Every structure is written in structure tokens, then in C-alpha cells.
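>>> what follows is a predicted protein model with its sequence.
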Amino acid sequence: MRRLGINIDHVATIRNARGENHPDPYKAALLAMKSGADLITIHLREDRRHINDKDARKIISNKNIPVNLEMAANKKMLKIALNNKPDFVCIVPEKRQEITTEGGLNLKKNYKSILKIIEILNKSKIRTSLFINPSIKDIKLSKMLGTNCIEIHTGKLSNLIKKNKNYSNELKKIYNSTKYATKLGVEVHAGHGMDYKTTRVLSKIKDIKEFNIGHFIIGESVFNGLKKTIKYFKKISK
Ligand code: PXP
């Protein structure tokens, strides 16, 4: 059964727009779990533009919520992860000026620093994942780095689908990457920019074991409510 991770960062984006306490991301995490989410994903960014340290601490400390902490590969973030002990960590690239995570990690350039972080997290029994583009080269490097999982960046596929452009090449890359990683014993996840259609398309790749979806679900909840939206995603992501 494929897992559905709900990224609640943008509940915090709405809260932060007023600088007050509503809506509360912790309350959203509880409701998401009650509505069928398998895990909660949060991205603690360097500039804390959405989720902040207090949110992360509160959500992770509830041991009934499986938490996937997305973080940049640096010492400060590693310290936060080791202090809070989320169930899972997904290492993501991070640029201060970007609106959202624009692409996968540069594993070749950051090999040594990522290797160190993966080793430490593995020792702490935190499941590790690397956010990468669908490329065989990056999967080989991921395997060498000793990560438990990879998450394939689906932003390009999602954009092509949204613009009604031909997406068969990109889908083929994701399919081949998934097959290859699975053969190497690395679990495959997918996420970024996913909506109903992207989810239906990617659901056909059975070896993808987890989807992590955020912005569209929080946006769609304005119209349909969080519970109904998650239930529907759960249905189509099987
Ligand atoms: N997976 C990863 C690794 C991400 O960095 C993000 C964005 O924070 C997501 C999934 C969710 O992307 P979206 O909000 O576009 O659904």
C-alpha cells in the first residue's frame, strides 16, 4: 500500500501572513492524520518562511504522528534533527531566493557533506531520503551514499501536465529511475507540484511507495476542506 505524506508547510504560510497563531499547523497535522494521511511532511527552511522551530518541535514530539522532516544538508539542520528525532529525514537542496525547491540535489558536488549526514542519521535510526531528479546517475550516487530512500522531484512532470504539454519523456525518466532504484534496494518516493492529475498519472508506477503532497492539497482545502481533500487523494493515490 502506497503511503500518502501531507506537507502542511502552507498552513504555516497562511498563519505567518498575519503574524498571529491561526491557522495552527499542529492542528492541521492532527486533522490530516485523522483524515487518512500516513505521515506529515514539514520543511524547516533556513529563513523559516513557513514552519518554524516551535512548530517542528511540537509536531515531532507527538509520537502518534510519523514525521518526515525536509531539511538542507548542513550542520545546523542536522543538529535540529538529532535533537528532535523525527521518524524520517529528507535532504533537499535549498536556495534562499527560490519560491519553492526548484530541483533535485547536486549529489556529485555535495557528496562528502551528504555522506556524513546520512551516516549520522542512519546511526540514529532515522530513515533517510534524498530529493533527486529522475536520473540514473543520481540513483547510482544515492545508493553509494547509503540512503534508505530517494524522493524523485516531480516538478517538471507536474508543470508539463498542468500546461497540457507532452509529458511522456519525463514520465519515462521517472519510471526508469523508479525501476532502477527499486532493483538496487532503494525505496522510491515522489513529490513536488502534484495535483489530482499528476497523482493519477504517477499512481500507475506501482513501485513508488510514498507521495508527499503539499501546496495543492492546502489550496484545494479552501474549497473542499482538508478532510475531504485528503480522503480523495488517498483514494486516487492507491
Ligand atoms: N517533497 C519535497 C522533497 C519538497 O521539498 C516539497 C516542497 O516542500 C514537496 C514534496 C511538496 O511539494 P508541493 O508543496 O509542491 O506539493
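In hand now; what should we look at? Numbers count the residues shown, from 1 in each chain.

>>> close to the ligand: what parts of the protein are there?
By the rule CB under 6 Å from any ligand atom, the part of the chain lying against the ligand is 7, 9, 43, 70, 90, 92, 100-101, 131, 151, 191-194, 212-216. Using the backbone N, CA and C atoms, a C-beta is placed for each residue, glycine as well.

>>> go again using 5 Å as the cut-off
7, 43, 92, 101, 131, 191-193, 212-215 (CB under 5 Å from any ligand atom).

>>> most centrally placed residue in the chain?
residue 212 (4.6 Å; CA atoms, centre = their mean).

>>> which elements pack onto the one helix or strand that residue maps to?
Secondary structure from DSSP states H and E places residue 212 in strand 208-213. On a contact count with 3 or more CB pairs under 8 Å, 6 or more residues apart in numbering; DSSP states H and E, strand 208-213 meets strand 3-7, strand 149-153, strand 187-191, helix 196-203.

>>> strand partners of that strand, parallel vs antiparallel please.
The pairing partners recorded for strand 208-213 under DSSP bridges are strand 3-7 (parallel), strand 187-191 (parallel).

>>> in it, which residues are buried?
Buried residues in strand 208-213, counted by 16 or more other CB atoms under 10 Å: 208, 210-213.

>>> next: stretch 145-161.
Neighbour-count burial for stretch 145-161 [16+ other CB under 10 Å]: 145, 147-158, 160-161.

>>> next: stretch 191-205.
Those would be 191-195, 198-199, 201-202, 205, for stretch 191-205 by 16+ other CB under 10 Å.

>>> what's the end-to-end length of it?
The first residue of stretch 191-205 is 13 Å away from its last residue (CA to CA, to the nearest Å).

>>> quick one: low-confidence ranges for this structure?
For the chain, residues meeting the criterion pLDDT under 70 lie at 96.

>>> max-length helix in it?
If you go by DSSP state H, the chain has its longest helix at helix 168-183.

>>> figure out how far it is from the centre of its chain.
With CA atoms, centre = their mean, to the nearest Å as the basis, helix 168-183 stands 18 Å off its chain's centre.

>>> which residues touch it?
134-136, 139, 142-143, 150, 152, 154, 156-157, 160, 187-188, 190, 201-202, 205, 207-208 (CB atoms under 8 Å, 6 or more residues apart in numbering).

>>> now do 7 Å
134-136, 139, 150, 152, 154, 156-157, 160, 188, 201, 205, 207-208 (CB atoms under 7 Å, 6 or more residues apart in numbering).

>>> now stretch 40-53
Counting by CB under 7 Å, 6+ apart, residues outside stretch 40-53 touching it are 5-10, 12-13, 16, 25, 29, 32-33, 56, 59, 65, 67-72, 77, 80, 92, 94, 96, 212, 214.

>>> ok, of these, which come out buried?
Counted by 16+ other CB under 10 Å, the contacts of stretch 40-53 give 5-10, 12-13, 16, 25, 29, 32-33, 56, 59, 65, 67-72, 77, 80, 92, 94, 212, 214 as buried.

>>> and the residues you listed, which of them are in helices?
Going by DSSP H, the helices hold 9-10, 12-13, 16, 25, 29, 32-33, 56, 59, 77, 80 from the buried ones among the contacts of stretch 40-53.

>>> give me the contacts around stretch 131-149.
90-92, 101, 103-105, 107-108, 114-115, 118-119, 122, 127-130, 150-153, 173-174, 177, 180-181, 184, 186-187, 189.

>>> since that was my last question, I'll sign off now.
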